[in-house]
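Asker: here are the coordinates; sequence isn't available:
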């Protein structure tokens, strides 16, 4: 039976909350304050690498890949929700273009480039399409570390910067974090997880370094971005390992994590609704009030929709990548 790492579900739960916070600043002519600048930059320094890291870690198994089963699973888990959410997204972007940030890019964008509302799903799916080859011929070979070096060099030199078809430049960028997650799997339980759980001082030091420096320096160079992304991932892992089971916090983040794909997919629609309400109807101008209200309303609405509607329906769960609630 495949081992489930509960802390990884919590990490994904924290990660999806960070996605919602990060998107809470997406307003025209938004007035940034120092605190909001710190919060936004800190989140963007690591929150998406976090998801690719976890995907890579969970992909490293000792089992030989059954290609038919593997690809069918990824189509069901990622591609069907991707097409479904973009089909739904077509309606507001076509009929109500003044309420959204961008127009619908058409079937060409959906198939060959990945859409703005679901770029993460598209990118992860492309990575999984090439994963069996990487797993068999590169990652399980003795010189797997050379692949990591090549990825770092390619990203640093921006060799594929202008190749956008199949989201290639984004795939190459985030493949590094998928790779890091994959290669540390043999060390994860004994060295990393147990080490973090037992060493509070390391937790304190890494947290201070990450929180005090990432927002200022992560974007100054490629190497900075990688280092601070890894520190951010360790920061979230530290937090996840310290959330006690049988608490409201644990259950909430566990549910968010298990259904993180669903929360990600529906976030754009909920965002449009509350952006209209808060900017055009109520007209909130104060930055802190706008961001906090926008964030809280979207999270609560998404949680209610997923908890009370999506996971209760096998059809909606299938179409939105949720875990059906057992009766």
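Answerer: All right, it came through fine. Computed from a predicted structure; not experimentally measured. Numbering: from 1, shown residues only.
Asker: only C-alpha atoms from now on, for both contacts and neighbour counts.
Answerer: OK.
Asker: quick one: residues contacting residue 16.
Answerer: 256, 257, 260, 263, 264 (CA atoms under 8 Å, 6 or more residues apart in numbering).
Asker: so the fourth one sits right up against residue 302, yeah?
Answerer: Yes - with contact defined as CA atoms under 8 Å, residue 263 counts as touching residue 302 (6.5 Å).
Asker: more crowded one of these two?
Answerer: Higher neighbour count among residue 263 and residue 302: residue 263, with 25 against 21, using other CA atoms under 10 Å.
Asker: for the more buried one, which residues are in contact?
Answerer: Neighbouring residues of residue 263 by CA under 8 Å, 6+ apart: 16, 256, 302, 303, 306.
Asker: restricted to helices, list those.
Answerer: Using DSSP state H to define helices, the subset of those located there is 16, 256, 302, 303, 306.
Asker: count the neighbours of the last one for me.
Answerer: Look at residue 306: counted by other CA under 10 Å, it has 23 neighbours.
Asker: next one: residue 7
Answerer: Taking other CA under 10 Å as the neighbour definition, residue 7 ends up with a count of 22.
Asker: excluding chain neighbours, what is closest to it?
Answerer: Closest residue to residue 7 in three dimensions, ignoring its sequence neighbours and counting by CA to CA, 6 or more residues apart in numbering: residue 240, at 5.4 Å.
Asker: what's around the one you found, how many residues?
Answerer: Other residues within reach of residue 240, judged by other CA under 10 Å, total 22.
Asker: quick one: residues contacting it.
Answerer: Shown in contact with residue 240 (CA under 8 Å, 6+ apart): 7, 8, 10, 11.
Asker: of those, which belong to helices?
Answerer: The helices, defined by DSSP H, take in 7, 8, 10, 11 from those.
Asker: contacts for stretch 190-200, please.
Answerer: With contact meaning CA under 8 Å, 6+ apart, stretch 190-200 is reached by 202, 203, 238, 241, 242.
Asker: where does pLDDT dip in the stretch 151-300 of the chain?
Answerer: With pLDDT under 70 as the threshold, the stretch 151-300 of the chain has low-confidence stretches at 200.
Asker: give me that answer again for 50
Answerer: Within the stretch 151-300 of the chain, no range satisfies pLDDT under 50.
Asker: at which residues are the strands of it located?
Answerer: All residues of the stretch 151-300 of the chain lie outside strands when identified by DSSP state E, counting those that start in this stretch.
Asker: let me see the ranges of the helices in it.
Answerer: Under the criterion DSSP state H, counting those that start in this stretch, helices of the stretch 151-300 of the chain are mapped to 168-187, 194-198, 200-217, 222-241, 248-258, 260-275, 287-308.
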